Structures are given as C-alpha cells and as structure tokens.
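Visitor: Here is a sequence with its predicted model. Questions after.
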Amino acid sequence: MTRARSQQICCQDTPYYHCISRVVRRAFLCGFDQTTQQDFEHRRQWMLDRLAEIETVFCIDVCAYAIMSNHYHLVLYINKEEVDALSDLEVIERWRKIYSGSDIIQRFIAGEALSKEHHELIAKIVAKWRNRLEDISWFMRSLNEPISRQANFEDNCTGHFWEGRFKSQALLDEQALLTCMAYVELNPIRAMMAETPESSEFTSIKQRIDEDQAVIQKQQQQPKKGETEPHKSLFLKEFVAEGNPLSNEIPYLYREYLELVDWSGRAIREDKRGAINSRFPSILIRLGIDEEQWHKAMQPKGAHQFSRAMGRCEVMREYAKKLSIKWIKGISISSKLFPT
C-alpha cells in the first residue's frame, strides 16, 4: 500500500535517504540502447549538470550517486542546520536560481515600496520556499522535470519519461548509510559496465577519486599560462575521521571507505572471488556487520531486501512504531546483516 511521502521522509527520523528514479516505456536515460541502436550517453552529463545546479540551491547534500542506463541512485542528506541558518533574502535568492517566483517577489527584489499586507504575503511565500529547500520531493522534482523535457524533445515524443513516484528509503543508522552507499557505488560493476570503482563512469566514487588525483597533480606542477579552470563538478558530502552517528559529515575514514568499496567490488564478482585479500576491512568489524550477509547485500537486488527503511533491527522496529505499523520489510534480513 502506497504511503504519503510525508510519512516516508522525515528529518526527525533520519536526515539520510536513498532515492531511486526509473524511466518508463523502455526509455533509456543514457548509454547505448541495443534495441533501437541509439546512443544516449550524453544524457549522463545532463544529470550531473542538473545535480550540480540544484545542489547549490537546495539544503540537501549528495553523499553518493550512480547514473545507470534506465535509472539512477542518490544517497541524500537533509541539511536542517543550513536551511534554518538562511536569511529570508538568501532563501529568495536561492529559489530564484531555478524558479522565477511570483510578481510580488519580483517587486520586492526590485526595491518597490510595498504595503504591510504585501510584506506579510512575502513572509508566507518565503516560509513556503524555506520548507521546499529541505524537501527531497522538491529536490527530485527539480532534477527530473528538466531531464524529462530534454529527453522527450530529443525523442520527439510526449508523455511520462519517469515513473510516477521516485522510491525513497530511510537510512536509520550509520550501518545502513555505509551499506547503501557501497551498494550505490557498485552498481556499474554489478551491471558489468565497469571493471573497477575508479573506472565506474558517472558515480560519486569515481568523482571523489578523480578530484583527489587532480589535487595531487595540481600540487606537483605549476599551471600553464592561459590554462582555464576545469568545469565545476557536483559537490559531494565529505567524510570525517571521527564523528557522531548520522552527523553533518559522513562518519567514516575516507581511505577505509575506498578500501571497503574496492573489496566489495571484488567479492561480488565470481571471476575475482578467489583474489580477495584475507585481511577483512576493519570498519565492518567495528560496525558489527556480518561478512556473508554483506556479500548478499552487495548483489544486484541486495538493497531491495529492505523496503522503505534500512538499519539495525531495533532501530527499524522503533521506526515501524513511529509509522504505526506492526511490520516492516527487512527486519529479518537486518538481524543477519547487522547482528550486533
């Protein structure tokens, strides 16, 4: 049974969410369509460009992403502190980067003399926009609608390009966050679109690795005369060595996370299973994650074993109570994946 989005996404439960959006009518988001023999690879850049644009508007941070042929994954963080700290003028400036706004806002920006009633109306509009800046539904809408229009124009057709509703999954604790991020990063490897994480095009892990390499190269050589700065890429949420669970930064060591994703990528490939190093990544041990169940979670339908939420067994039970439901899909899997 479909539940209202307001019941599925709530900052008080968790600020982290896994979102998936798929295309319809056998449409291709990007890549090469063997059926029609058409190449839509350029649409991947459409997605990244739009993500980079709206990320500067919304108070929602991108932790991980993977853009596939007929769907994409995002792991998002609702930055409540950032949106609360914005002034009314900053809210207006942000929102008007992608939406024009009503006539009264245009007059306010132009510095016209307005009545008390007008200012009260402006205050209501600003409050509404402030709420939208932390709303994942509006974030996904602002991402999907322009892509849909561009794709329909290119395909010379009309109608829905995306499925009616994007799917969202609450990540209730740091174990769930780590599992979901690794699952998202390994999508191209599971789909046999890439050999390694660093060669996985249009994923957040490749972007992080490329940015690290660019910094090293920049430190090693002086910029050439007339050399232009590279195109600004999507800003990704940073890792910290130590942090509170589900804090403003991802509470893991970045180096350990890279090691974990690489290890998981080798573990899920049958032709390389025997090459796994006997040393088990320490971060899984510390978080009490079972190795065998981790392998299963990294498989193509691993995340689908959970439904609207992912986390440790006791956390999922508490989440179910808040939703006033007796059962939530994934509790039995959670008890095996996160035994401690």
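Guide: Sure thing, it's come through.

Visitor: Could you list the low-confidence segments of this structure?
Guide: 1-8, 25-26, 219-233, 241-247, 268-284, 286-287, 300-304, 340 (pLDDT under 70).

Visitor: Try it again at 80.
Guide: With pLDDT under 80 as the threshold, the chain has low-confidence stretches at 1-12, 25-37, 164, 215-233, 241-249, 251, 266-308, 326-327, 330-333, 336-340.

Visitor: where along it do the strands fall?
Guide: 16-22, 32-33, 38-39, 60-67, 71-78, 167-171, 309-310 (DSSP state E).

Visitor: Any chance of TSV for these, columns mean neighbour count and distance to Thr196?
Guide: (C-beta placed from N, C-alpha, C; glycine too.) Formatted as TSV, the strands of the chain follow (neighbours: other C-beta atoms under 10 Å; distance: least, C-beta to C-beta, whole Å):
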stretch	mean neighbour count	distance to Thr196
strand 16-22	21	23
strand 32-33	14	21
strand 38-39	12	23
strand 60-67	24	14
strand 71-78	24	19
strand 167-171	22	25
strand 309-310	28	26
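
Visitor: do you know which of those lies nearest Ile98?
Guide: strand 60-67 (13.2 Å; C-beta to C-beta).

Visitor: sorry, back to before: nearest to Ser334, of the strands of the chain?
Guide: Closest among the strands of the chain, once you apply C-beta to C-beta, is strand 309-310, at 7.5 Å.

Visitor: which neighbours does the closest one have in its sheet, and in what orientation?
Guide: In the sheet, strand 309-310 lines up against strand 167-171 (parallel) (DSSP bridges).

Visitor: Taking strand 71-78 as reference, get the angle to the partner strand.
Guide: If you take axes from the mean of the first three to the mean of the last three C-alpha atoms, to 10 degrees, strand 167-171 sits at 40 degrees to strand 71-78.

Visitor: relative to strand 16-22, how tilted is strand 167-171?
Guide: 160 degrees.

Visitor: Can you dump the C-alpha atoms of strand 167-171 in PDB for me?
Guide: What follows is strand 167-171 as a C-alpha-only set of coordinates in PDB (Å, rounded to 0.1, in the frame of the first residue of the first chain):
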ATOM      1  CA  LYS A 167      11.400   5.400  -4.400                       C
ATOM      2  CA  SER A 168      12.800   6.500  -1.100                       C
ATOM      3  CA  GLN A 169      14.400   4.500   1.600                       C
ATOM      4  CA  ALA A 170      15.200   5.900   5.100                       C
ATOM      5  CA  LEU A 171      18.800   5.100   6.300                       C
END
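
Visitor: Which strand residues bridge Gln169?
Guide: With DSSP bridges as the rule, Gln169 is bridged to His18.

Visitor: Let me see the contact set for it.
Guide: Contacts of Gln169 were listed using C-beta atoms under 8 Å, 6 or more residues apart in numbering, and they are Tyr17, His18, Cys19, Ile20, Cys180, Ala303, Phe306, Ser307, Arg308, Ala309, Met310.

Visitor: How about Gln150?
Guide: Taking C-beta under 8 Å, 6+ apart, we find Gln150 in contact with Arg43, Trp46.

Visitor: now with 10 Å?
Guide: The contact partners of Gln150, by C-beta atoms under 10 Å, 6 or more residues apart in numbering, come to Arg43, Trp46, Arg50, Phe161.
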